[in-house]
Each structure stands twice: as structure tokens, then as C-alpha cells.
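Undergrad: Next comes the sequence, and after it the predicted model I'd like to discuss.
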Amino acid sequence: MKILGIGNAIVDVICKVEDNFISQNNLTKGTMKLIFDENEFNSLLTNLKIEKTISGGSVANSIVGMSQLGDKVGFIGKVSEDELGTKYEDGLKSENVEYFYSKKKEMIPTGTCLILVTPDSERTMCTFLGIAGKINEDDIQSNVIKQSEIIFLEGYLWDEGEPKKAFDKAINSANKVAMSLSDQFCVDRHKSHFLELVKNKLDITFANEQEIMSLIDAKSFDEVIDFSKSLGKIIVLTKGEKGAVAINGDEVVECGIKQDLKVVDLTGAGDLFAAGFLHGHVNNMSLKDSLDKGTEMSSKVIQQIGARL
């Protein structure tokens with residue numbers, strides 16, 4: 001197997017909203033908020049018009065993207081044996097993703113992410129993790145990890161307690177580890193741990209400009225480049241309208257964004273970018289060609305509703 005993804009198994013519920021909905025509900029545009037109370041989550045959904053419901057989760061979206069590019073891939077993520085859990089598993093299998101988790105009836109439901117898309121196409125997420133956030137060591141199959149060239153993890157999954165133990169088991173069993181820092185919320189919450197991972201555990205790190213600058217408390221992007229060069233590992237950074245850059249030791253390559261795109265929804269831009277880059281990497285493409293492939297995939301997904309092509 002080329003890549004095994006391990007992440008939050010989340011069903012995405014996509015809704016279009018006006019900017020005032022974001023401010024009225026004390027949300028920060030463009031970020032993710034964790035909601036721990038199922039009733040609070042459901043109250044947000046009230047009176048919203050659902051545009052689309054689809055199997056999601058950051059790493060799962062990337063894994064599906066790689067499958068669509070012809071790579072042999074798998075996924076580990078926790079769902080409950082309920083309607084959404086069944087829908088989630090069926091969604092992966094329909095995309096030729098091997099699913100390495102046997103769902104069972106849980107007291108906690110399958111996780112859900114409410115994706116609020118404002119008129120400027122920016123997405124703001126409210127996530128009720130449900131059973132996805134209860135992943136533990138027993139859910140991680142070491143033999144499957146060892147048969148994969150790379151495992152791909154998401155910062156969203158990392159948390160103290162059982163999820164961290166699952167994370168550590170996966171990393172310690174892996175041949176090679178890639179990870180997305182996921183969101184500035186995650187970086188700020190787990191800064192010291194994430195910095196340790198980037199420096200000492202990860203072979204490939206994905207982040208956007210805000211996340212990486214927050215992680216190392218950089219005052220300028222030049223500081224980020226110098227830090228990345230010093231690691232001697234692959235660091236892949238997206239910079240929004242300024243394109244993307246990949247660093248591997250002294251090798252630094254850049255890629256601009258595609259022009260004249262009709263941007264509809266930025267959900268999944270980073271996920272599909274990672275899919276394209278990792279596809280290039282596992283198929284022995286150069287750093288520049290891998291970066292270009294990531295940009296190509298990202299450009300496609302932002303011209304539609306939802307995080308999957």
C-alpha cells in the first residue's frame with residue numbers, strides 16, 4: 001500500500017451562510033471550532049439549509065484524492081454503527097479506499113462537521129467529534145501500518161489521553177510519517193507537542209503560512225524558510241493567493257496559484273493539495289513536480305461545493 005491515512009472520521013454537512021451568522025454565533029471566520037455538546041451542535045444546524053452531506057475528515061479527503069489519482073490507499077478512523085457511520089464507510093469504499101476499522105454500536109454517535117460557507121467562499125467549521133475523537137491504541141493496526149510506505153496523520157486527531165497514545169503507536173510502527181498541522185487552533189493548543197513532532201518525528205509536514213509562523217513564533221516568512229532548511233526534512237507550506245513552497249534541506253521550490261479560477265468553496269483546498277503532493281512523492285516525482293500536482297488538485301476542488309472531487 002502506498003499511503004495509509006489515520007484521522008477523524010467525520011461526516012461533513014455543508015451550508016451556505018451570510019457573514020452575520022458567523023459573528024452572531026461568536027465564530028472566527030476561516031477556522032475550526034470544536035463543539036463538545038451534541039445539543040449545541042444541533043442548535044447551530046437549526047434553520048440552516050443543507051447544501052450537501054458527504055463523508056469527510058481532513059486526511060480521509062486527502063486519501064480519497066490519492067485514490068482518484070490511482071494510488072493504492074487505506075484509512076483508519078472511528079465511526080459508530082449508526083446511519084452516518086454506515087454512510088461514511090460506504091463513501092470510502094465507493095472511492096476504492098480500503099477501510100481498516102470494524103464499526104460497532106457505540107454510546108456516542110459518528111462525528112459531524114458543520115461547514116459554513118460565506119459569500120467570499122471562505123469556510124468556517126464547527127466540529128462535533130463524536131466517536132471519532134475516542135480513537136485509541138486498539139484501533140491502530142500495526143501490521144497494516146508496517147505494510148504502508150507512508151502514514152498520513154492530521155493535527156485535528158492529536159489530543160491528550162487515548163488519541164495521543166494511538167498517534168504515538170502509529171508513528172512508532174511507521175516506515176515514514178507525514179502530517180498536516182490542520183488548523184491554527186490545533187497549533188496554538190498543542191504548540192510544544194507539534195514542534196517536537198515536526199523536529200523529531202515527521203518526515204513530511206504540511207502547514208499553511210499562519211500555522212507554521214505560529215508554531216515557531218516567526219516574525220517573518222524568511223524565518224520559516226531558515227527553520228525549515230535547518231531540519232533537513234520535507235516541509236510543504238501553502239500561502240493562499242501567494243501560492244505554495246516546499247523545502248527539503250537546501251532545496252526550496254515554489255509554485256504560484258492557478259489564474260482565472262471560479263472559486264466556489266475553499267473546503268478541502270489543503271486536503272487535496274496534500275493529496276496531489278503525496279501522490280507525486282510516492283511516485284518518485286521531483287519536489288517541484290509534486291508541488292505542482294498539489295496545486296493542480298487544490299485548484300480543481302475549490303471550483304465546486306465540498307472537499308472531494
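TA: Cool, got the structure.
Undergrad: Are there helices or strands packed against the one helix or strand A60 maps to, and which ones?
TA: Here A60 sits within helix 58-68, counting by DSSP states H and E. Judged by 3 or more CB pairs under 8 Å, 6 or more residues apart in numbering; DSSP states H and E, the packing partners of helix 58-68 are strand 3-6, strand 73-76, strand 150-154, strand 177-180, helix 269-282. C-betas here are computed from N, CA, C, even on glycine.
Undergrad: Tell me which of these is the most buried.
TA: Greatest average neighbour count among the helices and strands packed on helix 58-68 goes to strand 3-6 (a mean of 29), per mean count of other CB atoms under 10 Å.
Undergrad: Adjacent strands (with direction) for it?
TA: With DSSP bridges as the test, strand 3-6 is paired with strand 73-76 (parallel), strand 150-154 (parallel).
Undergrad: can you pull out the helices in the stretch 1-150 of the chain?
TA: 19-24, 38-45, 58-68, 83-93, 142-146 (DSSP state H, counting those that start in this stretch).
Undergrad: Make CSV out of these and add mean neighbour count.
TA: CSV is the format used below for those (neighbours: other CB atoms under 10 Å):
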stretch, mean neighbour count
helix 19-24, 13
helix 38-45, 14
helix 58-68, 28
helix 83-93, 18
helix 142-146, 15
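Undergrad: Of those helices, which is nearest G77?
TA: helix 58-68 (6.2 Å; CB to CB).
Undergrad: Return the distance of that closest one from the chain's centre.
TA: 9 Å (CA atoms, centre = their mean, to the nearest Å).
Undergrad: Alpha carbons of it, as CSV, please.
TA: What follows is helix 58-68, C-alpha atoms only, in CSV (Å, rounded to 0.1, in the frame of the first residue of the first chain):
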residue,chain,number,x,y,z
SER,A,58,-9.2,16.1,6.5
VAL,A,59,-6.9,13.1,6.0
ALA,A,60,-9.8,11.0,4.6
ASN,A,61,-10.3,13.7,1.9
SER,A,62,-6.6,13.5,1.0
ILE,A,63,-6.7,9.7,0.9
VAL,A,64,-9.7,9.8,-1.5
GLY,A,65,-7.9,12.3,-3.7
MET,A,66,-4.9,9.9,-3.9
SER,A,67,-7.2,7.0,-4.7
GLN,A,68,-8.7,9.1,-7.6
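Undergrad: Can you pull out the residues in contact with it?
TA: 2-3, 5-10, 73-75, 77, 92, 95-97, 152-154, 156-157, 180, 182, 268, 270-272, 274-276, 278-279, 297, 301, 307-309 (CB atoms under 8 Å, 6 or more residues apart in numbering).
Undergrad: can you give me the mean pLDDT across that helix?
TA: If you average the pLDDT over helix 58-68, you get 95.
Undergrad: follow-up on the earlier one: tell me what angle the helix holding A60 forms with helix 269-282.
TA: Helix 58-68 and helix 269-282 are oriented at 50 degrees to each other (axes from the mean of the first three to the mean of the last three CA atoms, to 10 degrees).
Undergrad: what angle sits between helix 58-68 and helix 83-93?
TA: When the same axes, to 10 degrees is applied, the directions of helix 58-68 and helix 83-93 differ by 30 degrees.
Undergrad: Make a markdown table from the helices of the stretch 1-150 of the chain and add distance to V187 to it.
TA: Below are these laid out as a markdown table (distance: least, CB to CB, whole Å):
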| stretch | distance to V187 |
| --- | --- |
| helix 19-24 | 21 |
| helix 38-45 | 23 |
| helix 58-68 | 14 |
| helix 83-93 | 27 |
| helix 142-146 | 25 |
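Undergrad: Please name whichever of the ones you listed is nearest to L116.
TA: Among the helices of the stretch 1-150 of the chain, helix 19-24 sits nearest to L116 (CB to CB), with 6.6 Å.
Undergrad: Please verify my assumption that F185 contacts K33.
TA: Yes: taking contacts as CB atoms under 8 Å, F185 lies within contact range of K33: 7.3 Å.
Undergrad: Can you read off the pLDDT for L84?
TA: 89.
Undergrad: If we ignore the residues flanking it in sequence, what's nearest it?
TA: T110 (4.0 Å; CB to CB, 6 or more residues apart in numbering).
Undergrad: Can you give me the pLDDT of the one you found?
TA: For T110, pLDDT reads 94.
Undergrad: Likewise for the one 4 residues further on?
TA: In this prediction, L114 carries a pLDDT score of 93.
Undergrad: No further queries at this time; thank you.
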